[in-house]
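J.: Pasted the sequence and its predicted model underneath.
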Amino acid sequence: MWSPQICDHLAVTRTGSVDAKAHGLRWAGSDEDLLRALIESDVLVISTPLTPETAGIIGAAQLDALGPEGLLVNVARGPVVQEEALYSALKHHGIAGAAVDVWYGYPEPGGIGKSSTLPFESLDNVFITPHSSAITEETFRGRSQKIIEVAGLPSGVIGSPVTCSARPAPSAETSSAGNPILLDLQQLVL
């Protein structure tokens, strides 16, 4: 769905030591550049480990920077994103939507427990999964279709070329190709 052909990519790492050109990135920066990256991004993908430095690194200010058309995908650990800030941003449409596969609480032995104390499941702009690795073609297609719906892409896009329009970056640096910006925090703690 999102690929280097239709998106420009940014990376934010703790040190900023990523060679942007070597990795096909528009630019890379340190954690001090996080707000700038979020302002310029359409989609935030979080896949960083949970450490004392990354716990709560995405809060209200960061979600505000992502903006009302921004999407958040968290496949890292729940507490990397502040729970109440995420719920509020989704409930009040401070961001367009989220796909969340990781949570703030997990079932106790016996399978009883809640993933959050907040009613994320009552929101219509969040796609939640149970953080399980079981995947079949049917579940993959179903999840992909739901992400497409949350992202506001045309239906029937699976298996078809996708065209996207970029939200103009408020900074002086814009995508030369006019493509959406994808920010990946997977190497935040390098």
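T.: Done, it's in.
J.: CA only for contacts and neighbour counts going forward, please
T.: Fine.
J.: which residues of the chain fall in strands?
T.: With strands called from DSSP state E, the chain shows them at 8-13, 27-30, 43-46, 71-74, 97-100, 126-128, 181-184.
J.: need these in a markdown table with mean pLDDT, can you?
T.: Formatted as a markdown table, the strands of the chain follow (pLDDT from 0 to 100):
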| stretch | mean pLDDT |
| --- | --- |
| strand 8-13 | 83 |
| strand 27-30 | 88 |
| strand 43-46 | 89 |
| strand 71-74 | 92 |
| strand 97-100 | 91 |
| strand 126-128 | 86 |
| strand 181-184 | 47 |
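J.: Nearest to D19, out of those?
T.: strand 27-30 (7.3 Å; CA to CA).
J.: Okay, now the unreliable bits of the chain?
T.: In the predicted model of the chain, residues 1-6, 107, 110-113, 130-137, 139-141, 143-144, 147-148, 150-190 satisfy pLDDT under 70.
J.: mind redoing it with 50?
T.: 1-4, 157, 160-190 (pLDDT under 50).
J.: closest to I57 out of the strands of the chain?
T.: Proximity to I57, assessed across the strands of the chain by CA to CA, is greatest for strand 43-46 (10.6 Å).
J.: Output the contacting helices and strands for the closest one.
T.: Here strand 43-46 touches strand 71-74, strand 181-184, going by 3 or more CA pairs under 8 Å, 6 or more residues apart in numbering; DSSP states H and E.
J.: hmm, try it at 10 Å
T.: The contact analysis (3 or more CA pairs under 10 Å, 6 or more residues apart in numbering; DSSP states H and E) places strand 43-46 against helix 60-66, strand 71-74, strand 97-100, strand 181-184.
J.: picking that back up, would you turn the strands of the chain into a markdown table with mean neighbour count?
T.: Shown next, in a markdown table, are the strands of the chain (neighbours: other CA atoms under 10 Å):
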| stretch | mean neighbour count |
| --- | --- |
| strand 8-13 | 24 |
| strand 27-30 | 20 |
| strand 43-46 | 22 |
| strand 71-74 | 23 |
| strand 97-100 | 24 |
| strand 126-128 | 20 |
| strand 181-184 | 25 |
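J.: so can I have TSV of the ones you listed showing distance to I57?
T.: Shown next, in TSV, are the strands of the chain (distance: least, CA to CA, whole Å):
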stretch	distance to I57
strand 8-13	12
strand 27-30	13
strand 43-46	11
strand 71-74	12
strand 97-100	16
strand 126-128	20
strand 181-184	14
